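1. Predicted coordinates and the sequence they were generated for:
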Amino acid sequence: MSVYLDHAATTPMLPAAQRVLVEHLARTGNPSSLHTAGRAARRVVEESRERVAASLGARPSEVVWTCGGTESDNLAVKGLFWARRAHDTSRRRLLVSAVEHHAVLDPAFWMAEHAGAELVLLPVDGDGVIELDALRAELEAHGDQAALLSVMWANNEVGSLQPLGEVVALARRHGVPVHADAVQAVGQVPVDFAASGLDALTVSGHKVGGPGGVGALLARRDLGLTPVLHGGGQERGVRSGTLDAALLASFAVAVEDAVAHQAEHAQHVAGLRDALVAGIRRAVPDAVLRGPADSARRLPANAHLTFPGCEGDSLLYLLDSAGVEVSTGSACQAGVPQPSHVLLAMGVDEDDARGALRLTFGRTSRATDVDRVLEVLPAAVDRARAAGLAGRRRAGAQTSAAASAPDVAGVR
């Protein structure tokens, strides 16, 4: 029996979204063409725009189509910064929380290296929630130099919900536009762009039961955005590129469904999440739940735990061999496992951070999935700990041998 508990990475397409995608893939027409087929494709694009806008509390003119969450985040960070700098050269500070997705962090670091930005990483507490006092102090000291603030709606690793109402209120006092990556939030918690007071918001198709390769940046119509892509001038001149009517139609169906069934979905996955966490704590008493303990302050589908003495990658492979697919929640660069920047920002030490697992539920998740995880996890933890202990002993022996070796500098 195979168990898939990595819905935060990507979740299966909804049957309705699949049907719409296949239906529109059979049609021909570039939405920018003026003939009959082109106009038909344009109608699909604009109807999809209206459906996404209505579902997320936005105006249709505020929906800018992109190829997904990463592009939307890049457009928000780079486009907002460049537009603000063009209007006011003193606006150089780029504020982002330390636990943002790399789709926000990496362009922010790039802007600091290549575009003259002064990057400010805002600290978080032990639950992964932005420290409002630190944000307040930063804005009071340098608010007139801030180009933008980016704070995600919900953290993709530990599930922490950010206090966006307070964040937006603080930023407003200093005229600082706020962007939020809401890729994980849509469909799990209520998301209303207008009510949030945000200036820009990111959403992605494959996280809500739609296809991959499509997403949107919701951006206030009067918000200055410098394009990152140049070409045909589509999407009000902000995002050039031929629009894929089939992907957009499928995406719109998925967003509508995710929002319409958000409450019942949240109740379903939260029950599974709570049963899983309780079971893990019984089976592996020293496992530590990361993120807020209060379920009202975290995503309902998210369970993120660290297992002392384990390497998360070892646990992942052991569980995978038992038919359970999960995530470590950590980055792997050039084949070298790295502890999660999110956990490190929360104050978790490196050794504990390396023993992380993220288990996330979706529409297809069932109670039997929880049972299977609890059946195979204890043995996987024992084997991972044994492997980790053996590795540490080998490393210690090598260190001791190197320390006692004679000095042979210059000898070949």
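-> Structure received. Nothing here was measured: the structure is a model prediction, and the numbers come from that model. Numbering: from 1, shown residues only.

2. so where do the strands sit in the stretch 51-200 of the chain?
-> For the stretch 51-200 of the chain, the strands defined by DSSP state E, counting those that start in this stretch occupy 63-66, 93-97, 118-122, 146-150, 178-181, 200-204.

3. most packed of those?
-> With neighbours taken as mean count of other CB atoms under 10 Å, the strands of the stretch 51-200 of the chain reach their highest mean count in strand 200-204, at a mean of 30. Where C-beta positions appear, they are placed from N, C-alpha and C, glycine not excepted.

4. Give me the packing partners of that one, helices and strands only.
-> helix 69-74, strand 178-181, strand 215-219 (3 or more CB pairs under 8 Å, 6 or more residues apart in numbering; DSSP states H and E).

5. Take the strands of the stretch 51-200 of the chain and write them to TSV, including mean pLDDT.
-> Converted to TSV, the strands of the stretch 51-200 of the chain look like this (pLDDT from 0 to 100):
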stretch	mean pLDDT
strand 63-66	98
strand 93-97	98
strand 118-122	98
strand 146-150	98
strand 178-181	98
strand 200-204	98
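
6. Next one: the most centrally placed residue in the chain from residue 236, what distance?
-> Relative to the mean C-alpha position of the chain, the nearest C-alpha, by CA atoms, centre = their mean, is the one of residue 156, at 4.2 Å. Taking CB to CB, to the nearest Å as the criterion, residue 156 is separated from residue 236 by 29 Å.

7. Kindly report the same for residue 78.
-> For residue 78 relative to residue 236 (CB to CB), the value is 17 Å.

8. Compare the two (neighbour count), which wins?
-> Set side by side, residue 78 and residue 236 show unequal neighbour counts under other CB atoms under 10 Å, the larger going to residue 78 at 21 against 13.

9. got the contact list for that one?
-> Neighbouring residues of residue 78 by CB atoms under 8 Å, 6 or more residues apart in numbering: 107, 111, 115, 226, 228.

10. And these, which is closest to residue 255?
-> Ranking the contacts of residue 78 by separation from residue 255, with CB to CB as the measure, puts residue 228 on top at 23.1 Å.

11. Can you give me the neighbour number for that closest one?
-> Residue 228 sits with 18 neighbouring residues when counted by other CB under 10 Å.

12. In a strand, it, correct?
-> No - Residue 228: not assigned to a strand; according to DSSP: H, G, I helix; E, B strand; the rest coil it is coil.

13. which residues in the stretch 1-150 of the chain form helices?
-> Using DSSP state H, counting those that start in this stretch, the helices found in the stretch 1-150 of the chain span residues 15-25, 36-55, 69-74, 80-87, 102-114, 132-142.

14. What are the neighbouring residues in contact with residue 117?
-> By CB under 8 Å, 6+ apart, the contact set of residue 117 is 81, 92, 93, 94, 108, 111, 147.

15. Pull the number of nearby residues for the fifth one.
-> Other residues within reach of residue 108, judged by other CB under 10 Å, total 26.

16. Isn't it up against residue 96?
-> Yes - with contact taken as CB atoms under 8 Å, residue 108 and residue 96 are classed as touching, separated by 5.0 Å.

17. Need the overlap of contacts for those two.
-> Taking CB under 8 Å, 6+ apart as the contact rule, residue 108 and residue 96 both touch 77, 119, 150.

18. So for the nearest residue to the second one once chain neighbours are set aside, what's the pLDDT?
-> Nearest residue to residue 119, sequence neighbours excluded (CB to CB, 6 or more residues apart in numbering): residue 112, at 4.0 Å. What the model reports for residue 112 is a pLDDT of 98.

19. what sits against residue 112?
-> 94, 118, 119.

20. helix, strand or coil for residue 304?
-> Secondary structure assignment for residue 304 (three-state DSSP): strand.

21. and it, how many residues sit next to it?
-> For residue 304, the tally of surrounding residues (other CB under 10 Å) stands at 29.
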